[in-house]
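Peer 1: Here's a sequence, model it:
(4 chains)
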There are 2 protein chains.
Amino acid sequence: MIRNPASKPTARKPNMREAILVAAEELFATNGFNAVSVRDIAQAAGANPGSVTYHFKTKDGLLLEIYRRHCGPMNLRRSELLAAAKRVRDLQDRLEAMVRAYVAPAFTSGSDLAGGGARFTRLRAVMSAEGNEVARKIIAQTFDDTSHAFIDAIHDSLPHVPRTDIVWRSHFLLGALYYSLVTPDRVSRLSRGEADGSDAASAIEQLVQATVAAFQAPALDQAAPTRRRPVVSSKT
Amino acid sequence: MIRNPASKPTARKPNMREAILVAAEELFATNGFNAVSVRDIAQAAGANPGSVTYHFKTKDGLLLEIYRRHCGPMNLRRSELLAAAKRVRDLQDRLEAMVRAYVAPAFTSGSDLAGGGARFTRLRAVMSAEGNEVARKIIAQTFDDTSHAFIDAIHDSLPHVPRTDIVWRSHFLLGALYYSLVTPDRVSRLSRGEADGSDAASAIEQLVQATVAAFQAPALDQAAPTRRRPVVSSKT
DNA sequence: TGATCTTTTGTACGATAGTACAAATCGCAT
DNA sequence: ATGCGATTTGTACTATCGTACAAAAGATCA
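Peer 2: Numbering: from 1, shown residues only, chains lettered A, B, ... in the order given. Below is the predicted model of the structure:
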């Protein structure tokens, strides 16, 4: 019976600290921060309430640690994918690759944390909706750089669209992304079972396709008083 | 000193019940349901905690009443605007009008409730993120009809796009809409002050423009293995 | 005006929250 | 095996939660 080779020489049971983190992630992402008690988390993790205090000191500390361990890997992955996307020659393909570089890591794991990508993104969505203070600080510090990098890159591919519009549209992208992870069942319901809102692959493809089109919409500021955009085809 | 002509013969102070509702809306929409105590609400409304119990029995009952008084007017307004939009002849204009009919009532007041539109929409966003049970039931009952009406109408204007894609894209629209109301400051921050995320008019225009383009994106299912979409212009 | 109903107030109660802390337990190097 | 540091357990404390309820106060109308 081999014990898993714990990297650190400190670990009694399989990995209680990890179990608490995962349980907390899931519960926070599903019910919000305040609706979940430390006791709930402990029970879900098969731990003792006091154990949570031992590892993370406070409930805020636990949330902080959840962010800490995810932000790095996810942003790293995004940077890699963005760098690769920037090298794509074709302008249309490049834009799509960049959007995908932004979207994909939010759905899939950003590191060895099994399946943690979607769960963590859902958590971010909920925390941002609740106006959580701990989350707000971390997000402004950690994610704004990445967001700016994407906005700049996309702007380079769409020079005729003002940066302001790019910002708005990337904001919409994040909102759509969050909402897809928060209430996937709504998609299933409204499509009357024809689509599965929980299917990450579908969500990514749909989101990328729609967002690329949104980014390519004509500029708003400098727009002429009357519409002048070529419609895609409008009827068959 | 004229007393305001209360429609109902029951009302002691200006309108305590209303004050509690407004305070609760604002607090719930900002901090989430569980983070706000009945005492917080009472204090913000200048009322006594017991008064909340008297008018709404429970905290859930208070939330329920908030939904009740907003859902009707907002959906009515949406139906009116959708009906008007359907009468627009030009296909492109009609699509835009329909999207606007969906978006506008969420930002502006749906009735005589002063400025309540945006506040209520923000509330819905937060409740949906928190997975609130009371909200979930009401939404499925009250909003799905409206959502279906819009999806069907938009599908009629975009027959070459599968209904499934329309559902996804309208889902993205709602997510973007929610997020715009939840964290408007992010837009201001990322645009380095060039845009004001709190400006409803800007948000609506940006959202409508981006969403119309997203809806017009080529279909996903029946798509050919290689891309074949006419790019809008891609460079000046 | 005085009776009656509605609304507001004040207070209290049981439940549960986050957290602290001492005791018990475990893994491991020696 | 044994001692030691790391972890887990159990429990307790204080604060705050939602809610109930009786009393006070205001409004309404004969």
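Peer 1: The helix ranked longest in chain A and DNA strand D, any residue contact?
Peer 2: The residue-count maximum for a helix in chain A (DSSP state H) belongs to helix A:59-86. No: judged by Cβ under 7 Å from any atom of the strand, helix A:59-86 stays clear of DNA strand D, getting no closer than 13.1 Å. Where C-beta positions appear, they are placed from N, C-alpha and C, glycine not excepted.
Peer 1: Can you list the neighbours in contact with the helix or strand just after that helix?
Peer 2: Downstream of helix A:59-86, the next assigned helix or strand under DSSP states H and E is helix A:91-107. For helix A:91-107, the external contacting residues (Cβ atoms under 8 Å, 6 or more residues apart in numbering or on different chains) are A:74, A:77-78, A:81-82, A:84-86, A:88, A:117-118, A:121, A:150, A:153-154, A:157-158, A:170, A:173, A:177, A:181, A:200, A:203-204, A:207-208, A:211-212, A:215-216, B:227, B:229, B:231, B:234-235.
Peer 1: The residues you listed in helices, which ones?
Peer 2: Counted as lying in helices by DSSP H, out of the contacts of helix A:91-107, are A:74, A:77-78, A:81-82, A:84-86, A:117-118, A:121, A:150, A:153-154, A:157, A:170, A:173, A:177, A:181, A:200, A:203-204, A:207-208, A:211-212, A:215.
Peer 1: restrict these to those near chain B?
Peer 2: Filtering those for neighbours of chain B using Cβ under 8 Å from any Cβ of the partner chain leaves A:170, A:173, A:177, A:203, A:207, A:211-212, A:215.
Peer 1: neighbours around the closest residue to A:Glu205 other than its chain neighbours, how many?
Peer 2: Closest residue to A:Glu205 apart from its sequence neighbours, by Cβ to Cβ, 6 or more residues apart in numbering or on different chains: B:Leu220 at 6.0 Å. By other Cβ atoms under 10 Å in any protein chain shown, 18 other residues sit near B:Leu220.
Peer 1: shouldn't B:Leu220 be in contact with A:Gln206?
Peer 2: Yes: using Cβ atoms under 8 Å, B:Leu220 is in contact with A:Gln206, at 6.2 Å.
Peer 1: got any residues that touch both of those two?
Peer 2: By Cβ under 8 Å, 6+ apart, B:Leu220 and A:Gln206 have these common neighbours: B:Asp165.
Peer 1: For stretch A:155-173, buried residues please.
Peer 2: Within stretch A:155-173, the residues scored as buried using 16 or more other Cβ atoms under 10 Å in any protein chain shown are A:155, A:157-158, A:161-173.
Peer 1: err, stretch A:130-139, not the other one
Peer 2: A:130-132, A:134-136, A:138-139.
Peer 1: Including distance to A:Ala44, secondary structure and pLDDT, could those go into CSV?
Peer 2: CSV is the format used below for those (distance: Cβ to Cβ, whole Å; DSSP: H, G, I helix; E, B strand; the rest coil; pLDDT from 0 to 100):
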residue, distance to A:Ala44, secondary structure, pLDDT
A:Glu130, 20, helix, 98
A:Gly131, 25, coil, 97
A:Asn132, 20, coil, 97
A:Val134, 20, helix, 96
A:Ala135, 21, helix, 96
A:Arg136, 26, helix, 94
A:Ile138, 23, helix, 93
A:Ile139, 25, helix, 90
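Peer 1: still on that earlier bit, among the ones next to chain B among the ones in helices among the contacts of helix A:91-107, which one has the most neighbours?
Peer 2: A:Thr211 (30 neighbours).
Peer 1: what's the distance between it and A:Ser147?
Peer 2: 14 Å (Cβ to Cβ, to the nearest Å).
Peer 1: repeat for A:Ala118
Peer 2: A:Ala118 is 19 Å from A:Ser147, by Cβ to Cβ.
Peer 1: Return, as residue ranges, the portions of chain A with sub-threshold pLDDT.
Peer 2: Across chain A, the ranges flagged by pLDDT under 70 are A:1-13, A:109-115, A:221-236.
Peer 1: check contacts around A:Asn146.
Peer 2: That one is not Asn; residue A:146 is Thr. A:75, A:78-79.
Peer 1: Check which helix or strand it maps to.
Peer 2: Assigned by DSSP H and E, A:Thr146 falls in helix A:133-157.
Peer 1: what angle do that helix and helix A:91-107 make?
Peer 2: 170 degrees (axes from the mean of the first three to the mean of the last three Cα atoms, to 10 degrees).
Peer 1: Report the distance from helix A:133-157 to the chain centre.
Peer 2: Helix A:133-157 has its C-alpha centroid displaced from the chain centroid by 12 Å (Cα atoms, centre = their mean, to the nearest Å).
Peer 1: and what of stretch A:167-176?
Peer 2: The answer for stretch A:167-176 is 12 Å, by Cα atoms, centre = their mean.
Peer 1: ok, A:Val187 - contacts?
Peer 2: Neighbours of A:Val187 in contact, by Cβ under 8 Å, 6+ apart: A:180, A:195-197, B:167-168, B:171.
Peer 1: How about it: what's its closest non-neighbour residue?
Peer 2: Nearest one to A:Val187, counting by Cβ to Cβ, 6+ apart, is A:Gly197 at 3.0 Å.
Peer 1: Next, see if stretch A:38-47 gets close to chain B.
Peer 2: No: contact of stretch A:38-47 with chain B is not found when judged by Cβ under 8 Å from any Cβ; the minimum separation is 12.2 Å.
Peer 1: what comes into contact with that stretch?
Peer 2: Applying Cβ under 8 Å, 6+ apart, the external contacts of stretch A:38-47 come out as A:16, A:19-20, A:22-24, A:26-27, A:48-49, A:51-53, A:59, A:62.
Peer 1: Buried by neighbour count, from those residues: which ones?
Peer 2: Buried members of those, scored by 16+ other Cβ under 10 Å, are A:16, A:19-20, A:22-24, A:26-27, A:51-52, A:59, A:62.
Peer 1: Any chance of those in CSV with secondary structure and distance to DNA strand C as columns?
Peer 2: Converted to CSV, the buried ones among the contacts of stretch A:38-47 look like this (DSSP: H, G, I helix; E, B strand; the rest coil; distance: Cβ to the nearest atom of the strand, whole Å):
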residue, secondary structure, distance to DNA strand C
A:Met16, helix, 11
A:Ala19, helix, 16
A:Ile20, helix, 12
A:Val22, helix, 17
A:Ala23, helix, 13
A:Ala24, helix, 10
A:Glu26, helix, 15
A:Leu27, helix, 10
A:Ser51, helix, 8
A:Val52, helix, 7
A:Lys59, helix, 4
A:Leu62, helix, 8
